[in-house]
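Asks: I'd like to go over a predicted model; first the sequence, then the structure.
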Amino acid sequence: ELETLAEQFNAMAGELQASYAHLEQRVDDRTRELATLNAIAAMVSRSLELDEIMEAALKETLATMDIEAGAAFRLDERAMRLMAHAGLSDAFAHGVESLSLEDSIAAQAVSEVAPVVRSVADYPEGALKDLLKDEGLRSVVSVPLVAKGETLGVLNLATRHPRTISPEERSLLASIGQQAGIAVDNARLYEQAETAAVAAERNRLARELHDAVSQTLFSASMIADVLPRLWERDQDEARRHLGMLRHLTRGAMAEMRTLLLELRPSALVEAELDELLEQLGKAVEGRAEVEVHLEVERVSGLPSDVKVALYRIAQEGLNNVTKHAHASRVDLSLRARGTGVELRIRDDGCGFDPSGVPRDHFGLANMCERAESVGAGLSVTSKIGHGTEIAVIWRGGSR
């Protein structure tokens, strides 16, 4: 009896040891799977470079699944755009780029919104099956990339040796597909936002061209048309109109240079602030009957964000003068103040009551926000019938 009990205890100990080993293997597998998901989630959160994210996600997935090859595709309508591939020849990658969704196992994965496994031998005869066979592939796993209930792409994994996919591995692949789907969705939203921003900026520049340059050139064209006849009748008056024509064309050139700065924002950072303010002054004179008197010093070494903020505040202030002040003269000054700088815009226009005007009127909110963003102080002094003065003071090093 003791011998029988000993044998039973030994058997139980062996089973328990096997259970522990199995449990440890399950824990190791689960830990590796979670590490893969965490790695992919980290990639998604730190970058919007979709091809870069998908290449890294594909390599992580192949390593975790111990599968030799794979490719990631983005769905554009019913076409498959290759984003990344690994373990596959360039010839194969180029060959699959021209395929539509219906040509691939991906169509079933998209339809079922779940990972699908298919042997290459079961593929219908055609170009895709020939490509797979020439590459030496035995089976394909297609994983839909899903975000917000929409399938945005597929991750296709391919084996060159017999390989079964367990239910646990299918579940892991589905989770990977959801993480990668977030990356595709983020990239899509970013592209849409970028397209909308480009369209908005294009529309704004079109309005600027129409409101400023086009009207100035139209006035110049009208003067040029009457000059020959006017010269024959009254040369003094013709000379006066020639001066107006020169003034208008110079203003139009200044306005065009300003618009070119808007098209190339890096130019704002590269140029000196006094040059930018002189450009603004000439542009205002060209499009409005306002004399702009400049007293600007060369202030070198300004941080880029401070320079751009002061330029934008001056731009907004001068726009307010041309639209609302009915002024005949504007004084624009820029002076160094110790380690800082002082910008002032004074006009002789109609003025207004600052206490009765909401901060979001006349662009005041924009100017205040720009000043606050760089740690500068902004004040507006105005009185009805006595013009307006805007003063911005940035003390060096303040933020």
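Replies: Alright, I've got the coordinates.
Asks: contacts, neighbours, all on C-alpha from now
Replies: OK.
Asks: end-to-end on stretch 126-144?
Replies: End-to-end distance for stretch 126-144, by Cα to Cα, to the nearest Å: 23 Å.
Asks: buried ones in stretch 306-325, by neighbour count?
Replies: Buried residues in stretch 306-325, counted by 16 or more other Cα atoms under 10 Å: 306-319, 321-322, 325.
Asks: quick one: residue 158 is in a strand?
Replies: Yes: counting by DSSP: H, G, I helix; E, B strand; the rest coil, residue 158 is located in a strand.
Asks: report the contact partners of it.
Replies: 67-70, 137-141 (Cα atoms under 8 Å, 6 or more residues apart in numbering).
Asks: within the helices and strands, which one has the closest residue to residue 165 other than its chain neighbours?
Replies: Excluding the flanking residues, the one nearest residue 165 by Cα to Cα, 6 or more residues apart in numbering is residue 117, at 7.8 Å. Using DSSP states H and E, residue 117 sits within strand 116-119.
Asks: contacting residues around that strand?
Replies: Residues from elsewhere that reach strand 116-119 (Cα under 8 Å, 6+ apart): 105, 108-109, 138-143, 165.
Asks: lowest-confidence entry in those residues?
Replies: Across the contacts of strand 116-119, the smallest pLDDT goes to residue 105, namely 80.
Asks: show me where pLDDT drops low in the protein?
Replies: Within the chain, the stretches with pLDDT under 70 are 1, 18-48, 98, 198, 201, 204-213, 259-265, 357-362, 397-399.
Asks: which helix or strand contains the residue most central in space within the chain?
Replies: Nearest residue to the geometric centre of the chain (Cα atoms, centre = their mean): residue 194, 5.0 Å. Secondary structure from DSSP H and E places residue 194 in helix 167-208.
Asks: helix or strand right after that helix?
Replies: Assignment by DSSP H and E places the next element after helix 167-208 at helix 215-233.
Asks: would you mark the buried spots in the next helix or strand after that following helix?
Replies: Using DSSP H and E, the helix or strand that follows helix 215-233 towards the C-terminus is helix 235-263. Within helix 235-263, the residues that qualify as buried are 238, 241-242, 244-245, 247-259, 261, counting by 16+ other Cα under 10 Å.
Asks: and if you look at stretch 290-300?
Replies: Going by neighbour count (16+ other Cα under 10 Å), the buried part of stretch 290-300 is 290-294, 296, 299.
Asks: please list the members of those residues that lie in strands.
Replies: Residues of the buried residues of stretch 290-300 located in strands (DSSP state E): 291-294, 296.
Asks: mind checking how far residue 229 is from residue 163?
Replies: 92 Å.
Asks: ok, so of the contacts of strand 116-119, who is nearest residue 57?
Replies: Proximity of the contacts of strand 116-119 to residue 57 (Cα to Cα) peaks at residue 143, which lies at 12.6 Å.
Asks: now the closest one. Nearest residue, chain neighbours left out?
Replies: residue 115 (4.4 Å).
Asks: how about residue 102?
Replies: residue 78 (7.9 Å).
Asks: using CSV, write out every CA atom in stretch 316-331.
Replies: Extracted C-alpha coordinates of stretch 316-331, given in CSV (Å, rounded to 0.1, in the frame of the first residue of the first chain):
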residue,chain,number,x,y,z
GLU,A,316,-3.2,93.1,-36.9
GLY,A,317,-2.9,96.7,-35.6
LEU,A,318,-2.3,98.2,-39.0
ASN,A,319,-5.2,96.2,-40.4
ASN,A,320,-7.4,97.7,-37.8
VAL,A,321,-6.2,101.2,-38.8
THR,A,322,-7.1,100.6,-42.4
LYS,A,323,-10.5,99.0,-41.7
HIS,A,324,-11.8,101.0,-38.7
ALA,A,325,-9.8,104.1,-37.8
HIS,A,326,-10.3,106.4,-40.9
ALA,A,327,-6.8,107.7,-40.1
SER,A,328,-4.6,109.8,-42.4
ARG,A,329,-1.3,109.0,-40.6
VAL,A,330,0.2,106.1,-38.6
ASP,A,331,3.4,106.2,-36.6
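Asks: cool, thanks, talk later.
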